[in-house]
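> Sequence below, structure please.
(chains A, B, C and D)
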Number of protein chains: 2
Amino acid sequence: MSELAEPKRLRGRPRKTEDERDDGNRRQALIAAAARLFHQKGYDATSTREIAAQVGMQPGSPFYHFGHKQDLLLAVMAEGMKQAIERQRTACAPLSGKDSARERLRVLIRNHFDVLLGPDSDFIPVMLYEWRSLSAEQRQTITQIKDDYEAVWIPVLQELHHNGQLQARVGLARLMIFGALNWSVQWYEPPSAAKPAARTARASLDDLTEAALALFLRDTP
Amino acid sequence: MSELAEPKRLRGRPRKTEDERDDGNRRQALIAAAARLFHQKGYDATSTREIAAQVGMQPGSPFYHFGHKQDLLLAVMAEGMKQAIERQRTACAPLSGKDSARERLRVLIRNHFDVLLGPDSDFIPVMLYEWRSLSAEQRQTITQIKDDYEAVWIPVLQELHHNGQLQARVGLARLMIFGALNWSVQWYEPPSAAKPAARTARASLDDLTEAALALFLRDTP
DNA sequence: CCTACCGATCGGTAGG
DNA sequence: CCTACCGATCGGTAGG
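Numbering: from 1, shown residues only, chains lettered A, B, ... in the order given. So this is what the prediction gives:
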């Protein structure tokens, strides 16, 4: 009785129903698992077998979806940038022409920290730290998407530069600002309620954002 | 005649003379070769065989000097930090109590860029980007040395904070400043006379230093 | 997507 | 430090 009444199968291979075809589904699962493992252990230290095991596949099966391990890495990065651009667009949507350049930068930085350190934040760190493992053409592909992402920042930084709130040359300032933000992947630990006896008060992503603004920008005149 | 008159052997295995024992010599050669390769291709993508070949050893011979590949990685990082601390001390030596905090920070940043991007700059990038490949104890070892290096920065940043030249909390400011500087490893290309038709005017390490100061510090009142 | 498999490479070791 | 070697693992493939 209970067996027949059980609507969900918690073990074994998932059923493939008519309206829930695998299609890109398994592919997406591979990308997500790869992102997690590449982030945790690095690209070279992760075997395609581990990725397969994480999604319940056999060792050779990832190569049905991706010809080479490198293609999986590219897919992780492309998916991550796609999401990052989408989230950036959403974050900027409420902004109007009335918002100051400082406020617009705040929104961009806050969203960037979220993409780097928030939930589902395996993809972009992989992109930042596994660049070396891409082929030359693959780098071109990602560079184009990354340029799209950064393009939104440039007019904001230029306005701040003209304001006098940002002193350094805009080109170098952009590189250093992204460095300061991206490096947080190396040291940031989210404030956890689980570890109440943490040594130091952990900063929130809002704290990081305010600190970054205070570091980079002069007070508005 | 000419053979007997030839004092140097340019080919073959180097002679081991009485007063030129190998001792740490070969060990140092392994560390230097490992630093170069780890920097170029990453730790996991570099085989101990390649390192051996670079110094003219047989595939198994590095393990006479280092029990494990990981120990070689630790040695690269420790050697790099030792040199970095030494260079930082030398750079700071000419400073006197009369120098402003801004000037002291300038010296620290300029030296840091040199350690990251100047000649013989394979070691520190390896330390920054291969942290993940260390064991827990190894990380402790390096963390201690790194704390020594950063300790010199803290009073300088504190003074700038009290001055009002540095606005952000000193702790977060330090992390973000190091991020901005360390990230340069990812994008910096030295200005090369060899490539006169370079697309953009390449920045020198002095340029980077000034840009960093302009980005982080307010004008002295 | 699984089964069954291959060639290559890798970290590491024994014994001198 | 070399010689000779081993077990393990890995990316990738043929064939269904």
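> Make sure A:D206 is actually in contact with A:R110.
Yes - between A:D206 and A:R110 there is a contact under C-beta atoms under 8 Å: 7.2 Å. All C-beta atoms are positioned from the backbone trio N, CA, C, and that covers glycine.
> more crowded one of these two?
Neighbours per residue (other C-beta atoms under 10 Å in any protein chain shown) separate A:D206 from A:R110, with A:R110 holding more: 18 against 11.
> Please identify the helix or strand for the more buried one.
If you go by DSSP states H and E, A:R110 is part of helix A:101-117.
> Also A:A212?
Counting by DSSP H and E, A:A212 is part of helix A:205-216.
> ok, now A:M176?
helix A:170-182.
> Work out the gap between that helix and the centre of the chain.
Put simply, helix A:170-182 sits 17 Å off its chain's centre (C-alpha atoms, centre = their mean, to the nearest Å).
> now stretch A:183-192
On the basis of C-alpha atoms, centre = their mean, stretch A:183-192 sits 14 Å off its chain's mean C-alpha point.
> For the closest residue to A:R27 other than its chain neighbours, grab the count of nearby residues.
The spatially closest residue to A:R27, leaving aside those adjacent along the chain, is A:H65, at 5.0 Å (C-beta to C-beta, 6 or more residues apart in numbering or on different chains). Neighbours of A:H65 under the rule other C-beta under 10 Å: 17.
> Might you report the residue contacts of A:H65?
Listed by C-beta atoms under 8 Å, 6 or more residues apart in numbering or on different chains, the contact set of A:H65 reads A:R26, A:R27, A:L30.
> circling back: hmm, who's touching the helix holding A:R110?
Helix A:101-117 has contacts (C-beta under 8 Å, 6+ apart) with A:83-84, A:87-88, A:91-92, A:95, A:121, A:124-125, A:152-153, A:156-157, A:159-160, A:163, A:165, A:181-182, A:184-185, A:188, A:190, A:205-206, A:208-209, A:212-213, A:217, A:220.
> Could you report the pLDDT at the spatially closest residue to A:I31 that is not a sequence neighbour?
Of all residues not flanking A:I31 in the chain, A:A75 sits nearest, at 5.1 Å (C-beta to C-beta, 6+ apart). Looking at A:A75, its pLDDT is 98.
> what's the answer for A:G118, then?
So, for A:G118, pLDDT stands at 97.
> what's the answer for A:R15, then?
What the model reports as pLDDT for A:R15 is 40.
> and what of A:D219?
So A:D219 comes in at 87 (pLDDT).
> Contact partners for it?
A:Q165.
> tell me the SS of it?
A:D219 carries the three-state label coil when classified by DSSP: H, G, I helix; E, B strand; the rest coil.
> Phi, psi for it please.
The phi/psi pair for A:D219 (degrees, to the nearest 10) reads phi -70, psi 140.
> What separation is there between it and A:R102?
Using C-beta to C-beta, to the nearest Å, A:D219 is found at 9 Å from A:R102.
> ok, A:R106 to A:A136 distance?
To A:A136, A:R106 is 36 Å away according to C-beta to C-beta.
> With A:F63 instead?
A:F63 sits 22 Å away from A:A136, taking C-beta to C-beta as the criterion.
> mind showing which ranges of chain A have poor pLDDT?
In the predicted model of chain A, residues A:1-23, A:193-201, A:221 satisfy pLDDT under 70.
> top helix in it by residue count?
Secondary structure assigned by DSSP state H gives helix A:69-92 as the longest helix of chain A.
> Flag every buried residue along that one.
A:69, A:72-81, A:84-85, A:87-88, A:91 (16 or more other C-beta atoms under 10 Å in any protein chain shown).
> Which ones, among those residues, also lie beside DNA strand D?
A:K69 (C-beta under 7 Å from any atom of the strand).
> And A:H68, its phi and psi?
Torsion angles at A:H68 (phi, psi; degrees, to the nearest 10) stand at phi -140, psi 150.
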